[in-house]
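Enquirer: The following comprises the amino acid sequence and a computationally predicted model.
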Amino acid sequence: MTDKRLLLIDGNSIAFRSFFALQNSLSRFTNADGLHTNAIYGFNKMLDIILDNVNPTDALVAFDAGKTTFRTKMYTNYKGGRAKTPSELTEQMPYLRDLLTGYGIKSYELADYEADDIIGTLSLEAEKLGYRVTIVTGDRDLTQLVSDKTTVAVTVKGVTEVEDYTPEHLKEKLGVTPTQVIDLKGLMGDSSDNYPGVTKVGEKTALKLIDQFGSVENLYDHIDDLKQSKMKEHLIEDEDNAFLSKKLATIDRDSPLKIGLDQLEYKGINEEYLIDFYQKMGFKSYLKKFQKSGGLKEVEQTQFQELTKANLDKAMESLGNEVSLYLEMPEKNYHLSSFAGFVIGNDEKWFVSRNVELLKLPTIKDLIENIDVKLNVFDSKRTYVGLNRLEINAQCFNYDVLLQSYLLDTNENSNDLGLLAQQHAYYNVESDADVYGTGAKLSIPDDDQTFFQHLANKGKAIEVLGKALDGELKQNEQDKLYWEIELPLAIVLAKMEISGIRVDSNRLIQMQSEFAERLSEIEGEIYRLAGEEFNINSPKQLGRILFEKMRLPIIKKTKTGYSTAVDVLEKLRGESDIVDDILNYRTISKIQSTYVEGLLKVVHSKDQKIHTTYIQTLTQTGRLSSIEPNLQNIPVRIDEGKKIRQAFVPSKEGWHILSSDYSQIELRVLAHLTGDKNMQEAFIENQDIHASTAVRIFGLKDASEVTPNIRRQAKAVNFGIVYGISDYGLSQNIGISRSDAKKFIETYFQEFPGVKNYVDNIVKVAKEQGYVETISHRRRYLPDINSSNFSQRSFAERTAMNTPIQGSAADIIKIAMIKMQQELESRNLKTKMLLQVHDELIFEVPDEEMNEIKKLVPSVMDSAMKLKVPLKVETSWGNNWYEAK
DNA sequence: AAAATCACG
DNA sequence: ACGTACGTGATTTTA
């Protein structure tokens, strides 16, 4: 006897399972080279679980060798008609072999044979020698191999859960013996392998027949015993098929392998190889395991010295005119965060301290404020704001590694320098998460050595990466984008955040009690109509009331139950008065919780202002985003919500709020990018663009024939074009049939041939180069553009159309903001730029500057970039944001 | 942590 | 036949 345990894995089958299990997150699983990695990741996960369970002494992963096998010779249609394997999976197959090498597991394939046959042959051999065998597959056919020595683990859903088949389990579940699995397949056939079996005989019937006769052979020996039935006719007619199918289903347990059991020893993981592989694949979670076990390559530690008052002057003197600086603010919100310490230095000289007060001392402050000293940082906006809070005014930022990385690839924007460095193949700095912990456990180490070392490593990482990424930006022709737009913008944004916007808290508090009163009224009415009290905020409970208790028609379902979203409720309006009450309740409670109460929470008590944080390195298109709080989605469409804007007031008595917004900027960018003459003409002649679109697509004589409804439809078409149009989307949006929507789009493309041409071309460009660009060479990669998955590919195609439009509009307003800030400063104006809302800039203006500003702002904005059509800017002002509209 | 909903451009 | 409009963030409930 032996205590050997052999693990046999059906490689193709598990790869397929892994791929499809993680198909929804396909786009999240790509490495730096754009290779998809979901199947590899899933395979790895499965391996870990299986190895842990089986603890094998020997192991092998068997793969299918190619398209043709001895089975295709028997039956040409074997596995015919199968959908082609998605290219996203095919490209991963070679790397699976590398993964297995890293795990110390042999992989094997044999011409003319399938993985099943390899597994069948080896398991039989092993059984003879007394091994225990475990077979892992996603294919239940292999259960024909189970025995008292061999278990077959079939994946249930995904790859993490398996069902273990033993002879007993097989009997219990299907009532058959292992060899009868073959008879079963013979009778029922296999649609995925494309062999027929007997007509109209499925699993149920086949099991019944096997229970009765034991085998296909015996069944046909006694076929006359069956009483006359359709089934009997089919059995007789398809006798050949039954035997053929049985043969096809039979695993060859004597295939001519050129590998023997003695070569399958499971050697265990090759750490160095696997770490290298994981780094190539970008598998951070797997890499982490090694870090914990201490197996990861040693981080090269940067030398440092603690900075003190005593050595400060000499230290700064040694640094020259380019330094890297990292100011550690552990909390996310840097307007409020504590300061944990800093590192400053270059080359081999790195100085660290926990005491940020040192930064205020002359030599170091002078260095940072010296316009000739270049500062390399990670996140210049954060650093600027932090230093500003210490009353230090940073002057000359140079490399901002976060910003550079984001411009190179919008997805590489981690706020953790260590993680971001990894994405650029720099490993000599750990992630903050590893050194400081995360969530509730986040804390700066008490131990100086640990903390200082990490800071020093960060300084070095910035120095090395800043230079490297600068080179990459040049290669991509993105250097102007970085130096002339994004880097200067970071400081403009920092100044806007620091200025903040004054909020009249008393106004909000007054609104709070008004809304509270109305909410409780509506609440009472809803409870009365529903006949009971329940949580109106819970879609689940609301769904039960509306669709079960009150029996309103079900319009739409979500993953978890009934949908109660606005578009559904709107259709139910006539059914019961409760619907209107719910809609009202929703509107008001949204305003109350998110805006009235939400904003009150983030007003700084010190200055009665809100200081948002703009995120410059997040969106896929180049827009900004705004958090804590989001000041880019303050209500405006519904008057009740819009009143929130009354609480946004100037910071000084007698000043006004002024707002300027670009009119139709995205359609103007579209007219520019597409070069469409008809569209350009409309803008050059300053026509109402939606009306003129309506004239064209509805074949009207002139604008006088455009009714509001027709204009509304044309407007929806224009939006559709910008979003990457589909007939379905348009039909849903304006409530017309899909075929009508299709006609609209066709007519649109006839009338605007330049647009049609652009749409076709941009998709082609995206497919060829893998990314699209804005006017300023902002880049967005589209890894799914060649996907075999229709919906992923379609999504990528729509984003290919939309991103250059939305992104170029973002470029334009960013340029305008930089010029605007320059003008305000060079003219020594007191006016402050406060907010940006994608196509709109908001200022607070002292009365004496109003005349100048109301001309200056639009003129800077409309001249920000020269397009083939004019840019149009509309301006208004008032005592608060509500009035400035 | 994910899902549902709804606020904005 | 597939299953959709593009880009965001905050709040609440639920698993």
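Expert: Okay, I see it.
Enquirer: Any buried residues in the longest helix belonging to chain A, and which?
Expert: Secondary structure assigned by DSSP state H gives helix A:790-826 as the longest helix of chain A. The neighbour-count check on helix A:790-826 (16 or more other C-beta atoms under 10 Å) flags A:792-793, A:795-821, A:823-824 as buried. C-beta: built from backbone N, CA, C; applies to glycine.
Enquirer: pLDDT of the host helix or strand of residue A:719, averaged?
Expert: According to DSSP states H and E, residue A:719 maps onto helix A:708-723. The pLDDT scores in helix A:708-723 average 94.
Enquirer: circling back: please compute how far the longest helix of chain A lies from its chain's middle.
Expert: 19 Å (C-alpha atoms, centre = their mean, to the nearest Å).
Enquirer: average pLDDT for whichever helix or strand comes after that helix?
Expert: Next helix or strand after helix A:790-826 toward the C-terminus (DSSP H and E): strand A:832-836. Mean pLDDT, strand A:832-836: 98.
Enquirer: again, but for stretch A:582-597
Expert: 96.
Enquirer: That one near DNA strand B anywhere?
Expert: Yes: Stretch A:582-597 reaches DNA strand B (C-beta under 7 Å from any atom of the strand) through A:583, A:586-587, A:590-591, A:594.
Enquirer: End to end on that stretch, go ahead and measure it.
Expert: End-to-end span of stretch A:582-597 (C-alpha to C-alpha, to the nearest Å): 20 Å.
Enquirer: likewise stretch A:718-728?
Expert: Start to finish, the residues bounding stretch A:718-728 are 15 Å apart (C-alpha to C-alpha).
Enquirer: What is whichever helix or strand residue A:182 is part of packed up against?
Expert: Assigned by DSSP H and E, residue A:182 belongs to helix A:178-188. Helices and strands touching helix A:178-188, by 3 or more C-beta pairs under 8 Å, 6 or more residues apart in numbering; DSSP states H and E, are helix A:167-174, helix A:203-213, helix A:216-221, helix A:239-249.
Enquirer: could you redo the last one with a cut-off of 7 Å?
Expert: If contacts are counted by 3 or more C-beta pairs under 7 Å, 6 or more residues apart in numbering; DSSP states H and E, helix A:178-188 sits against helix A:203-213, helix A:216-221, helix A:239-249.
Enquirer: sorry, back to before: and which of the residues of stretch A:582-597 next to DNA strand B is nearest DNA strand C?
Expert: Closest approach to DNA strand C among the residues of stretch A:582-597 next to DNA strand B (C-beta to the nearest atom of the strand): residue A:594, at 4.0 Å.
Enquirer: The closest one: how many residues sit nearby?
Expert: For residue A:594, the neighbour count with other C-beta atoms under 10 Å is 17.
Enquirer: and if you look at residue A:156?
Expert: Burial of residue A:156, expressed as a neighbour count using other C-beta under 10 Å, amounts to 12.
Enquirer: Not counting sequence-adjacent ones, nearest residue to it?
Expert: residue A:163 (5.3 Å; C-beta to C-beta, 6 or more residues apart in numbering).
Enquirer: Return the distance of whichever strand or helix holds that neighbour from the chain's centre.
Expert: Assessed by DSSP H and E, residue A:163 sits inside strand A:162-165. Mean-position distance between strand A:162-165 and its chain equals 34 Å (C-alpha atoms, centre = their mean).
Enquirer: got a list of contacts for it?
Expert: Defining contact as C-beta atoms under 7 Å, 6 or more residues apart in numbering, one finds that strand A:162-165 is touched by A:143, A:146, A:151-156.
Enquirer: coming back round to it: okay, the angle between the helix holding residue A:182 and helix A:167-174?
Expert: 30 degrees (axes from the mean of the first three to the mean of the last three C-alpha atoms, to 10 degrees).
Enquirer: What are the buried residues along helix A:178-188?
Expert: Going by 16+ other C-beta under 10 Å, helix A:178-188 has these buried residues: A:178, A:180-188.
Enquirer: Stretch A:565-581 now?
Expert: Here stretch A:565-581 shows A:568-569, A:572, A:576, A:578-579, A:581 as buried, counting by 16+ other C-beta under 10 Å.
Enquirer: now stretch A:227-236
Expert: By neighbour count on 16+ other C-beta under 10 Å, the buried set for stretch A:227-236 is A:231, A:234-235.
Enquirer: Make a markdown table from these and add secondary structure and distance to residue A:248 to it.
Expert: Below are the buried residues of stretch A:227-236 laid out as a markdown table (DSSP: H, G, I helix; E, B strand; the rest coil; distance: C-beta to C-beta, whole Å):
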| residue | secondary structure | distance to residue A:248 |
| --- | --- | --- |
| A:231 | helix | 22 |
| A:234 | helix | 19 |
| A:235 | helix | 18 |
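Enquirer: Much appreciated, bye for now.
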